[in-house]
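> Build me a structure from this.
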Amino acid sequence: MHTRGNACCCSFEDYKLTTEWLLSQTRHRPKIAVICGSGLGLLADCVLNKQTFHYKEIPNFPVSTVPGHEGRLVFGHIKDKSCVFMQGRFHLYEGYSLCKITFPVRIFKLMGVETIIVTNASGGLCQDFKVGDIMIIKDHINLPGFAGQHPLCGPNDERFGIRFPCMSDAYSKDLRKLALDISAELGYSDFVREGVYCMVSGPNFETIAEARMLQILGSDSVGMSTVPEVTVAKHCGLRVLGLSLITNKVSLDYNHEEKVNHEEVLHISKMRAEMLQKVLNTLIARSHQVDGINSN
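Presented below is the predicted three-dimensional model:
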């Protein structure tokens, strides 16, 4: 599935074909897109007027291969807001190229989406974080990008965005503030944090030496996704909010006996998904409070 070098394997015609197919199959015209992380497909359960497409039905669309990623695109409404939910995303460790991983983001842009909310499950590096905490992402570290694995490498398509997008404000301050306010109103302040997310390529969980290095770099949590989608969303001029569910504590101690596994990640995700869903649904319903503000 990888292409030679970093050249994009998707043409503008590919994006256009997929967009036109979806627009012809649904009357929904979403303004908000939500990418559901591992075990967080339940976030789409409250959608009204639901219309669902399996990824394998959609022209050019990749297919999720990881447990906890259902592989469905769900259109519908939260309150009066038209939304589209991705129940399952794509990862480098599945063998997908970065242009395939971020393919849906550009489709959302062409469909008229203005705001994208990315969610994920991650391991906590900050010693103050507890399992089950929800971290509002204020910034990220693109570790694969340091090694040249970057979704914007290759020729730039000006129809999506400029050659050198600024990433210092990748995560909307206004949406982050709204998420914090809503969390306080719901009584969730004790387990809602803000922090820096670091992406590694996976699929293995980190060694202790790697985890210590990431902590020194300023990472509060670590995962294997999200950053490519956020980077392309920012390139496309979309407003971005990131929410990370801390599903395990990353070991920083060689004497620590407990080992993380994917089943544990899915279990914690399911336990906290209902509260994350309340935050998300309330935020979507009140997203108009930041509409018209240059929050990118």
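
> Sticking with G242, tell me its helix or strand.
G242 is part of strand 239-249, with elements assigned from DSSP states H and E.

> which SS class is the nearest residue to R193 once chain neighbours are set aside?
The spatially closest residue to R193, leaving aside those adjacent along the chain, is M135, at 4.9 Å (CB to CB, 6 or more residues apart in numbering). C-beta: built from backbone N, CA, C; applies to glycine. Judged by DSSP: H, G, I helix; E, B strand; the rest coil, the three-state class of M135 is strand.

> how near is M135 to D181?
Separation of M135 from D181 (CB to CB, to the nearest Å) stands at 16 Å.

> just K50 next, same as before
Distance, K50 to D181, by CB to CB: 28 Å.

> do the same with T19
Distance of T19 to D181, computed by CB to CB: 34 Å.

> quick one: which of those two has more around it?
Ranked by neighbour count (other CB atoms under 10 Å), T19 and D181 place T19 first, with 19 against 14.

> Strands of the stretch 51-200 of the chain, residue ranges please.
Using DSSP state E, counting those that start in this stretch, the strands assigned to the stretch 51-200 of the chain run over residues 72-78, 81-87, 115-124, 134-142, 192-199.

> Export those strands as TSV, with columns for mean neighbour count and mean pLDDT.
Converted to TSV, those look like this (neighbours: other CB atoms under 10 Å; pLDDT from 0 to 100):
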stretch	mean neighbour count	mean pLDDT
strand 72-78	21	94
strand 81-87	24	95
strand 115-124	26	94
strand 134-142	21	97
strand 192-199	22	97
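
> Any chance of a markdown table for those strands, columns distance to F160?
Output for the strands of the stretch 51-200 of the chain, formatted as a markdown table (distance: least, CB to CB, whole Å):
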| stretch | distance to F160 |
| --- | --- |
| strand 72-78 | 20 |
| strand 81-87 | 18 |
| strand 115-124 | 14 |
| strand 134-142 | 18 |
| strand 192-199 | 21 |
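
> any idea whether the residue of the chain most remote from its centre is helix, strand or coil?
The centre of the chain is farthest from one residue, N255, which by CA atoms, centre = their mean lies 33.0 Å away. Put simply, N255 is coil when judged by three-state DSSP.

> circling back: figure out which of the strands of the stretch 51-200 of the chain is closest to T226.
strand 115-124 (4.9 Å; CB to CB).

> And the helices in the stretch 1-150 of the chain?
Remark: helices assigned in the stretch 1-150 of the chain by DSSP state H, counting those that start in this stretch are 12-25, 98-101, 103-111, 143-146.

> ok, residues contacting the third one?
Spelled out, that is helix 103-111. 10, 15-16, 18-19, 22-23, 29-30, 33, 35, 60-62, 73, 84, 86, 90, 116, 160, 229, 232-233, 236-238 (CB atoms under 8 Å, 6 or more residues apart in numbering).

> Quick one: buried ones out of those?
The neighbour count (16 or more other CB atoms under 10 Å) marks 10, 15, 18-19, 22, 30, 33, 35, 60-62, 73, 84, 86, 90, 116, 160, 229, 232-233, 236, 238 as buried among these.

> one step back: the residue nearest to R193 and S244, how far apart?
Taken as CB to CB, the span from M135 to S244 is 4 Å.

> Need the nearest residue in space to I182, chain neighbours excluded.
Leaving out its chain neighbours, the residue that sits closest to I182 by CB to CB, 6+ apart is T282, at 4.9 Å.

> Count the neighbours of the one you found for me.
Close neighbours of T282, defined as other CB under 10 Å, add up to 19.

> ok, it touching S183?
No. Under the criterion of CB atoms under 8 Å, T282 is not in contact with S183, lying 9.2 Å apart.

> ok, the residue nearest the centre of the chain - contacts?
The centre of the chain sits closest to V118, judged by CA atoms, centre = their mean, with a distance of 2.9 Å. V118 makes contact with V34, I35, G37, I137, T226, E229, V230, A233, V240, L241, G242, L243, according to CB under 8 Å, 6+ apart.

> Which residues are in contact with K100?
K100 makes contact with M1, C9, C10, P62, F90, according to CB under 8 Å, 6+ apart.

> The third one reaches N60, doesn't it?
Spelled out, it's C10. Yes. Counting by CB under 8 Å, N60 is a contact partner of C10 at 7.3 Å.

> For I141, give the beta-bridge partners.
Listed beta-bridge partners, I141: C198 (assigned using DSSP bridges).

> on that earlier part again, and the residue nearest to the centre of the chain, how far is that from V105?
Relative to V105, V118 is positioned 9 Å away (CB to CB).
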